[in-house]
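K.L.:
any chance you could fold what I've pasted below:
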Amino acid sequence: MDKKNKIVQLANAHSNFDNRIFNKISKSLASHGYDVDLIVQHDKDETVDGVHIKALPIAENKMDRFVKIMPRLFYKSIQYPPKTVFHFHEPELLPVGFMLKLFGYTVIYDIHEDNATGILQKEYLPEFFKRVFFRLIVFLEKVAHDQLHTIIAEEYYEERFPKALKVLNYPKLDWAKDLDIERGNPTSILYTGSITIDRGAVNHIELLKYLDDSVKLKMIGVCAFSVHEDLKRKAEDYSGRLEIIGASGHVPFKKIIEQYRRKEWIVGLAVFPETPHYKRKYLTKFFEYMAAGLPIIYSDFPSWRKLLEPLNVGIPVDPENTKEVVKAIQKVKDSDALRNSMAKNGRKAVLERYNWDEEERKLLDFFKKIT
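P.N.:
Numbering: from 1, shown residues only. Next up is the predicted model:
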């Protein structure tokens, strides 16, 4: 492919090696001949796995992202030649995307999250501002869908973005193809992903109260310092049975893979309290757990059951019923046959269907068309 096809990925809030932006999209494009830059907060310019990282300063807080980092991101962007394709990944960059469109560039908005309902999850925002920002994001994303190319990462986003290309957030399986999923006498339960109250972090700690003293809980993912300290206090009575990896900031996906390869896991947890933001969303961890051969204990939301029950890869539970969750974990722990059956079913599902290969093909076909 002619290297004049310059693709620039823009990220202001995501980590520099975000799994979707860097590991999936950027690396896939670079490996198929596109000249890919990633403008992101980083400590230096460098090329990693064929992707040219163009460093922005590291923001000290959220306000920094808007008043210091975003103007620099925009300035870097308009230095590119007219045929450049810009692909951005955050609603806060919508004004930048619209400006780049006015400058004549081809612009893509990649919608990873249900950003409108995500605003309603922000506990630090007063109710009035939640409603204002909710309506603002709905309006701006509608304009983006009309004026820019759009890509969505979830099936149900199609209700709001019917013309968007679906590039679903299924896992790349290079890390999982040689994985040994036989786990005899497992002793721990695993949670991966952002560690927050609205994703059930406190409920996860509560499980230790009812599980056998030999069972440990490990949570790995970004965890705010205040949440980390609160969880540690709540787990004080459980003498070393809780481990949290991620209190210091972003956790590289390679570190999460290292955990998936370990032999100690009974199940992977996806026990979220019911909220409008999560009850329809297919979590990336579903497919990662399946790829790693982990049975899934998951909230019994109708959309989650519709996906996971036919695959027979785990047990649905009432997320507010701690004893029911514990009973499901114990059931999997006590039965090697059940655990291994669910592990094999999960591996089969992701290897045959829920993986990045088909999504990559759709992505490449799309970029071939617009360039």
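K.L.:
what about the helices in the stretch 51-200 of the chain?
P.N.:
Taking DSSP state H, counting those that start in this stretch as the criterion, the stretch 51-200 of the chain carries its helices at 62-64, 70-77, 94-102, 115-120, 127-147.
K.L.:
least trustworthy helix or strand in the protein by mean pLDDT?
P.N.:
Confidence across the helices and strands of the chain bottoms out at helix 62-64, with a mean of 84, counting by mean pLDDT, DSSP states H and E.
K.L.:
need phi/psi at the spatially most central residue of the chain.
P.N.:
Central residue of the chain (C-alpha atoms, centre = their mean): residue 284, 5.6 Å from the mean position. Backbone torsions of residue 284, given as degrees, to the nearest 10, read phi -60, psi -30.
K.L.:
before we move on, the earlier item: what's the closest of the helices of the stretch 51-200 of the chain to residue 302?
P.N.:
Nearest of the helices of the stretch 51-200 of the chain to residue 302, taken as C-beta to C-beta: helix 115-120 at 16.5 Å. (Each C-beta comes from the backbone N, C-alpha and C, glycine too.)
K.L.:
against which helices or strands is that closest one packed?
P.N.:
When contacts are defined as 3 or more C-beta pairs under 8 Å, 6 or more residues apart in numbering; DSSP states H and E, helix 115-120 packs onto helix 127-147.
K.L.:
follow-up on the earlier one: work out the gap between the least confident helix or strand of the chain and the centre of the chain.
P.N.:
Remark: helix 62-64 is offset 22 Å from the chain centroid, using C-alpha atoms, centre = their mean, to the nearest Å.
K.L.:
find the nearest non-adjacent residue to the residue nearest to the centre of the chain, please.
P.N.:
For residue 284, ignoring the flanking residues on the chain, the nearest one in space by C-beta to C-beta, 6 or more residues apart in numbering is residue 169 at 5.1 Å.
K.L.:
you'd agree that neighbour is up against residue 20?
P.N.:
Yes - counting by C-beta atoms under 8 Å, residue 169 sits close enough to residue 20 to count as a contact (5.9 Å).
K.L.:
now for the two: what residues contact both?
P.N.:
Contact criterion C-beta atoms under 8 Å, 6 or more residues apart in numbering; residues shared by residue 169 and residue 20: 112, 153.
K.L.:
strands of the chain, residue ranges please.
P.N.:
For the chain, the strands defined by DSSP state E occupy 6-10, 35-41, 46-48, 51-56, 85-88, 106-111, 149-152, 165-166, 188-192, 216-220, 242-245, 265-270, 296-299, 314-317.
K.L.:
format those as CSV; extra columns: mean pLDDT.
P.N.:
Below are the strands of the chain laid out as CSV (pLDDT from 0 to 100):
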stretch, mean pLDDT
strand 6-10, 97
strand 35-41, 97
strand 46-48, 97
strand 51-56, 96
strand 85-88, 98
strand 106-111, 98
strand 149-152, 98
strand 165-166, 98
strand 188-192, 97
strand 216-220, 95
strand 242-245, 93
strand 265-270, 97
strand 296-299, 98
strand 314-317, 98
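K.L.:
residue 345: which of these is closest?
P.N.:
Proximity to residue 345 (C-beta to C-beta) singles out strand 314-317 among the strands of the chain, at 9.2 Å.
K.L.:
which neighbours in the sheet does the closest one have, and how are they oriented?
P.N.:
Paired strands of strand 314-317, with direction, are strand 296-299 (parallel) (DSSP bridges).
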